[in-house]
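> Sequence first, then the predicted structure, then my questions.
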Amino acid sequence: MKKVLIHLIAYPAVGKFTVAKELVPIADGLLIDNHLINNVFFSVTDLSKTLPPQVFGYLNKTYDLLFDYLVSISPDKPLIMTNCLTDDENDLSFVERVRSFCRAAGYRYAPVKLLLGEEEILKRLPSADRKAKMKLTDEKLFKSFCAKHPLITKLPEAKELDVTGLSAAETARAVLELAAEN
């Protein structure tokens with residue numbers, strides 16, 4: 001499973017990054033963590049409020065540069081990517097960018113939606129580690145976001161995985177199996 005982009009999609013605090021870290025060594029892959037890109041902009045943004053809409057244009061430009069770079073170096077390894085995506089215009093446009101990258105670079109696109117109940121997410125949300133990484137930690141903002149933005153549904157090729165009760169290692173193995181089916 002060399003040229004596959006495994007796209008982990010989930011709400012905040014579900015464990016995308018934790019699972020991705022488990023996937024990298026077992027898939028011999030490379031990690032594209034959304035927060036490596038987001039935090040360039042989040043570090044100069046008031047995160048106690050809704051993100052300013054113009055941030056998405058800058059994020060898209062940054063991803064476009066990354067995708068161009070990856071096409072130019074043509075890595076022969078799986079890519080593991082993390083994002084929270086909804087059916088809003090920005091996210092659907094982003095998915096098209098990812099698909100376009102996959103076509104240009106010869107990657108198979110394997111999106112996997114990780115699902116976890118709100119009660120468990122709310123337990124994980126306020127962790128110090130999340131705050132240190134500029135991740136969403138505010139319960140009120142989280143609930144408001146989820147109420148307005150259901151997890152992406154307009155992604156027919158996505159597999160779904162309920163991660164309730166699974167360790168990160170178990171989730172990573174299950175994701176690999178789902179990605180192999182895609």
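Received the coordinates, thanks. Here the structure is a predicted model, which means the values were calculated and not measured.

> How about residues contacting the helix or strand bottoming out on mean pLDDT in the chain?
Every helix and strand of the chain was ranked by mean pLDDT, DSSP states H and E. The lowest is helix 128-132, at a mean of 88. Residues lying outside helix 128-132 but in contact with it, judged by CB atoms under 8 Å, 6 or more residues apart in numbering, are 12, 13, 124, 136, 137. Bear in mind the C-beta positions are built from the backbone N, C-alpha and C, glycine included.

> cool, stretch 21-32 as well?
1, 6, 20, 66, 75, 77-82, 168-169, 171-173, 175-176.

> Out of these, which sit inside strands?
6, 79, 80, 81, 82 (DSSP state E).

> that older thread, can you tell me which of the contacts of helix 128-132 has the most neighbours?
residue 13 (22 neighbours; other CB atoms under 10 Å).

> Can I take it that that residue is in a strand?
No: going by DSSP: H, G, I helix; E, B strand; the rest coil, the assignment for residue 13 is coil, not a strand.

> mind checking pLDDT for it?
Per-residue pLDDT puts residue 13 at 94.

> contacting residues around it?
So residue 13 contacts 116, 121, 122, 124, 125, 127, 130, 135, 136, 142 (CB under 8 Å, 6+ apart).

> one more time with 10 Å
Neighbouring residues of residue 13 by CB atoms under 10 Å, 6 or more residues apart in numbering: 84, 116, 118, 120-127, 130, 135-137, 142.

> Please name the nearest non-neighbouring residue to it.
residue 124 (4.1 Å; CB to CB, 6 or more residues apart in numbering).

> Quick check: that neighbour vs residue 11, distance?
Using CB to CB, to the nearest Å, residue 124 is found at 10 Å from residue 11.

> Can you pull the residues that touch both of those two?
residue 116.

> sorry, back to before: can you flag which of the contacts of residue 13 belong to helices?
118, 120, 121, 122, 123, 124, 130, 142 (DSSP state H).
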